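1. Based on what follows, work out the 3D shape:
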Amino acid sequence: MFNDIPVIEQYSSGMALGILNLCYDRLNHNAASSNLQAIDTVNAGITPDKGVTRLIQFYKDQVVPIVNQIEASTLGPILDAANASYQSPMGNLLIDSQKRNTSTPVTFTNPGGTRTDIVYATHSHDVTYTDLLTVQPFDNELVTLHLSGAQIYAQQEQQLMVKRILPVPGMKYTYDTALPALSCITSLTLTDNTPDPANVTLYSIACVEPGLICLNLKYKEDPEKINKHIHPNV
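-> Next comes the predicted model:
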């Protein structure tokens, strides 16, 4: 219950369904009673349906050449853990590949969009499509936006408020969290100049999940190109 409101949701990966049985009082216009249940869908004792099993195996066989395709190689572990400045090797790899794909001076990405490390027992080692799909197991699209200097400042200040800093290549900035909210950035420099918060100059910015930046969407890029532009020696 949250403020006397029944709330339930499913588990991740379809492991359980959230079921709500609600009795509504039409006279008093409120919920007379409610019953919440999380119904487990994982049943080890159930024999899988043979037809469904054959269908799943058919499609698994079809994707074998794709998931085993070698996309790059790595000389060492690529870790997802962030440092004190909220940056990580994995986040840097992904945004560098996106920047490479779009040829924009700056790229943003969701810090929660990387899900795991790429680590092998020995290195150097090939990196497969499965490795990359495990890091980002969803079909986010890479898009290009046009932002002003003021918008870039505002976007970064918002991240400092919640301490979830977007990995950003092509830009350097310093900040002081002891300063008042929305005024923590003390300097911000692109590769060619420092955006003035008062100017209207537009900069091309590539990003995934543009909803994180509520600004005008210019055009879309092919999401398949993201993986294909990772450097052969990452």
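
2. Nearest residue to the middle of the protein?
-> In the chain, the centroid-proximal residue (C-alpha atoms, centre = their mean) is G113; its distance is 2.0 Å.

3. That one and Q98 touch, don't they?
-> No - the pair G113 and Q98 fails to qualify as a contact (C-beta atoms under 8 Å) at a distance of 10.7 Å. All C-beta atoms are positioned from the backbone trio N, CA, C, and that covers glycine.

4. helix, strand or coil for the residue nearest to the centre of the chain?
-> coil (DSSP: H, G, I helix; E, B strand; the rest coil).

5. So it versus Q62, what's the distance?
-> Taking C-beta to C-beta, to the nearest Å as the criterion, G113 is separated from Q62 by 27 Å.

6. Over to H125?
-> 26 Å.

7. Those two: who's more crowded?
-> It is H125, of H125 and Q62, that has more neighbours when counted by other C-beta atoms under 10 Å, with 17 against 9.

8. and the closest residue in space to the more buried one that isn't next to it in sequence, how many neighbours does it have?
-> Among residues not flanking H125 along the chain, T74 sits closest, at 5.9 Å (C-beta to C-beta, 6 or more residues apart in numbering). T74: 19 surrounding residues under other C-beta under 10 Å.

9. thought T74 was touching T128?
-> No - if you go by C-beta under 8 Å, T74 and T128 don't touch, sitting 11.0 Å apart.

10. in this protein, which spans are strands?
-> For the chain, applying DSSP state E gives strands covering 16-25, 30-40, 70-74, 106-108, 125-128, 142-148, 171-175, 185-190, 202-208, 217-220.

11. helices or strands next to the shortest one in the packing?
-> Counting contacts by 3 or more C-beta pairs under 8 Å, 6 or more residues apart in numbering; DSSP states H and E, strand 106-108 packs against helix 89-102, strand 202-208.

12. List the pairing partners of that strand within its sheet, with orientation.
-> strand 202-208 (parallel) (DSSP bridges).

13. same check, this time on the first one
-> As defined by DSSP bridges, the strand partners of strand 16-25 come to strand 30-40 (antiparallel).

14. Can you give the contact residues for the strand it pairs with?
-> 6, 8, 10-11, 15-25 (C-beta atoms under 8 Å, 6 or more residues apart in numbering).

15. how does it look with 10 Å?
-> Contacts to strand 30-40, defined as C-beta atoms under 10 Å, 6 or more residues apart in numbering, come from residues 1, 4-11, 15-26.

16. Just the buried ones from the residues you listed?
-> Buried members of the contacts of strand 30-40, counted by 16 or more other C-beta atoms under 10 Å: A16.

17. Below-threshold pLDDT in this protein: ranges please.
-> Along the chain, the model assigns pLDDT under 70 to residues 1-2, 111, 164, 191-204, 206, 208-234.

18. May I ask you to name the longest helix in it?
-> If each helix of the chain is counted by residues according to DSSP state H, the longest one is helix 50-67.
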